[in-house]
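Novice: Provided below for reference: sequence and predicted model.
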Amino acid sequence: MTVWLFVAVGGALGASMRFALSLAFPYVQGQWPLATFAANMLGCFLMGVLWALLQQSVISGSLKPLLVTGFLGALTTFSTFSLEAWLMLTHNAYTLALSYLLVSIVAGIVLVAVGNRLVGLIW
């Protein structure tokens, strides 16, 4: 039961952060979805950091449900990302959609690596 509570608490915190980003950077049709992009990139960076900390046992594996499944699962917004890309495509904004897809994926992978490497340099 404790694991479920950890996931729920992490999810509430991640969803709250995601909501704060959507308030800070409201989406405007035809423009770059900055809140979604920021949530995904922050989530990727934090995933790299947390993965490295978990692998090095700097933080307990019992925190994985709270931090990875709950917090990052609620913070990152791949379903919203996919919807926004699809909407761009349905509005014939092909260049915007393609750039959004490519930059998000490549930057996400790079930020996972940067977060992981940063922890390696610190610890």
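Specialist: Great, that's in hand.

Novice: going by C-alpha atoms from here, please, whenever you check contacts or count neighbours.
Specialist: Will do.

Novice: verify the stated contact: residue 65 with residue 8.
Specialist: No - the pair residue 65 and residue 8 does not pass the contact test of CA atoms under 8 Å, sitting 9.0 Å apart.

Novice: who has more neighbours, these two?
Specialist: Neighbours were counted for residue 65 and for residue 8 using other CA atoms under 10 Å; residue 65 has more, 22 against 18.

Novice: circling back to that earlier point, name the residues contacting each of residue 65 and residue 8.
Specialist: Residues touching both residue 65 and residue 8 (CA atoms under 8 Å, 6 or more residues apart in numbering): there are none.

Novice: break down this structure into its helices, ranges please.
Specialist: In the chain, the helices defined using DSSP state H lie at 2-24, 34-55, 64, 73-75, 78-90, 94-122.

Novice: now, of the ones you listed, which is deepest in the fold?
Specialist: Of all those, helix 73-75 carries the top mean neighbour count, a mean of 24, counting by mean count of other CA atoms under 10 Å.

Novice: mean confidence for that helix?
Specialist: The pLDDT scores in helix 73-75 average 95.

Novice: which elements pack onto it?
Specialist: Applying 3 or more CA pairs under 8 Å, 6 or more residues apart in numbering; DSSP states H and E, one finds that helix 73-75 contacts helix 2-24, helix 34-55.

Novice: same list (those) but as CSV, adding mean pLDDT and distance to residue 91.
Specialist: Output for the helices and strands packed on helix 73-75, formatted as CSV (pLDDT from 0 to 100; distance: least, CA to CA, whole Å):
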stretch, mean pLDDT, distance to residue 91
helix 2-24, 97, 22
helix 34-55, 94, 18
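
Novice: export those to JSON lines and append columns for distance to residue 81.
Specialist: Shown next, in JSON lines, are these (distance: least, CA to CA, whole Å):
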{"stretch": "helix 2-24", "distance to residue 81": "13"}
{"stretch": "helix 34-55", "distance to residue 81": "6"}
